[in-house]
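K.L.:
Return atomic coordinates for the entry below.
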Amino acid sequence: MISTRGRYALRVLIDLAEHDSGDYIPMKEIAARQGLSRKYLEQIMPILMKDNLVDGMAGKGGGYRLNRPAEEYVVGHILRLTEGDLAPVACLGCEAERCDRADNCKTLPMWEKYNDMTNRYFDSITVADLLKNGTAAE
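P.N.:
Next comes the predicted model:
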């Protein structure tokens, strides 16, 4: 399940793209438009800044802005950044050790395929796609 952190990060990036004028957008404006807690955004924005997805500036006239076109923000990357991974089962998680049952597990190939499909799907969608209609360009 995608947590609020991943969903809110996407909402913030969409909001920044929708209101992109080149100027910094104050966090309070983003929070108000999106109906999100400023405290929670204060936890999400450093993650986005550290990965160089947004630029931030403190003080008067400060806030956040995208630092590249919305077409370059891939949903899969954003979700993996905020969620850790998108693995459907623990044994496929990015920190998981090889399971003792992996060689004989009848369900592992199914989970691997599901994991691959999920990642490919989210990697096919950009923030620009979400701005348009919520799906990847055909």
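K.L.:
what ranges do the helices span in the chain?
P.N.:
For the chain, the helices defined by DSSP state H occupy 4-18, 27-34, 38-50, 75-83, 108-123, 127-132.
K.L.:
Low-confidence regions, the chain specifically.
P.N.:
For the chain, the stretches with pLDDT under 70 are 134-138.
K.L.:
one step back: to residue 69, which of the helices of the chain lies closest?
P.N.:
Nearest of these to residue 69, taken as CB to CB: helix 127-132 at 7.2 Å. For every residue, glycine as well, the C-beta is placed using N, CA and C.
K.L.:
Quick check: buried residues in that closest one?
P.N.:
127, 129, 130 (16 or more other CB atoms under 10 Å).
K.L.:
Kindly reformat the residues you listed as a markdown table containing distance to residue 83.
P.N.:
Converted to a markdown table, the buried residues of helix 127-132 look like this (distance: CB to CB, whole Å):
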| residue | distance to residue 83 |
| --- | --- |
| 127 | 16 |
| 129 | 19 |
| 130 | 17 |
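K.L.:
Just the closest of these to residue 1, please.
P.N.:
Scanning the buried residues of helix 127-132 for proximity to residue 1, where the rule is CB to CB, the winner is residue 130, at 19.2 Å.
K.L.:
residues contacting that closest one?
P.N.:
10, 14, 75 (CB atoms under 8 Å, 6 or more residues apart in numbering).
K.L.:
gap between it and residue 112?
P.N.:
Distance from residue 130 to residue 112, counting by CB to CB, to the nearest Å: 27 Å.
K.L.:
Check residue 36 too.
P.N.:
Counting by CB to CB - residue 36 and residue 112 are separated by 35 Å.
K.L.:
Between those two, tell me which one has more neighbours.
P.N.:
residue 36 (19 against 16; other CB atoms under 10 Å).
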